[in-house]
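Chemist: make a model of this:
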Amino acid sequence: MKIRELYEEAIRYEYYSLVLIIDFLVREKKVLSLDDDAEKIDYYFQPKFKRAMYRYLDEYNEKTNIMKPVPMLYYAPRQNVYVLAYDAEQAKHVAKTDQIEVAEEPLFYVTENGIIRMTRRDIRRKAPKIPYVFRGR
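Modeler: Residues are numbered from 1 along each chain as shown. So this is what the prediction gives:
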C-alpha cells in the first residue's frame, strides 16, 4: 500500500490524526512522498519521537486546522435525550442538566418513523448541526 492510499482512506474514514501526520511528513517536512510505501511512516511512530512529534503536530495543526474537534454523543437520563456535542459542558448546557453521561452503543432514538438503532458515526453523519438533540427511547 502506498502512503497516498493510506491518506485517502484516512480522509474517507475521518482519521484526522493520521491525515495530520501524513500531511505534516509529506508537505511540511518533506521526508516522505505520497508515492512511498506506507510502511515508511512506521519509522515516525517510534517512542523516541513521541514528545517532539506531538509538539510539531500541535503547531502544524494550528497552522492548517486539519484536526477538527470530534463530537461525542452524550445521554441525559432525566430528560431521556441524546445530545451530540463537542464536550460534556456543551451537552449539559443544551440538555439543561448536570446529569450527563457518554452514551453507550447501540444507540436508539425516536423519529417520526419509529425507534431507530444507530452507531455514533451514523448519528454524527445525520446531525444537521452541533450541538444537536435526539429524543431518547
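Chemist: quick one, phi psi at Ala103?
Modeler: The phi/psi pair for Ala103 (degrees, to the nearest 10) reads phi -70, psi 140.
Chemist: where's the lengthiest helix in the chain relative to the chain centroid, distance-wise?
Modeler: Counting residues, the longest helix found in the chain (DSSP state H) is helix 50-64. Relative to the mean C-alpha coordinate of its chain, helix 50-64 is positioned 17 Å out (Cα atoms, centre = their mean, to the nearest Å).
Chemist: how far off centre is the next helix-or-strand element following it?
Modeler: The element immediately downstream of helix 50-64 (helix or strand, assigned by DSSP states H and E) is strand 72-76. Chain-centre distance of strand 72-76: 15 Å, with Cα atoms, centre = their mean.
Chemist: stretch 118-135 now?
Modeler: Chain-centre distance of stretch 118-135: 13 Å, with Cα atoms, centre = their mean.
Chemist: ok, now stretch 73-90?
Modeler: With Cα atoms, centre = their mean, you get 17 Å for stretch 73-90.
Chemist: helix or strand for the nearest residue to Tyr74 once chain neighbours are set aside, which one?
Modeler: Once flanking residues are discounted, Tyr74 sits nearest to Ala91: 3.9 Å by Cβ to Cβ, 6 or more residues apart in numbering. To be clear about C-beta, it is placed using only N, CA and C from the backbone, and glycine gets the same treatment. Using DSSP H and E, Ala91 sits within helix 88-95.
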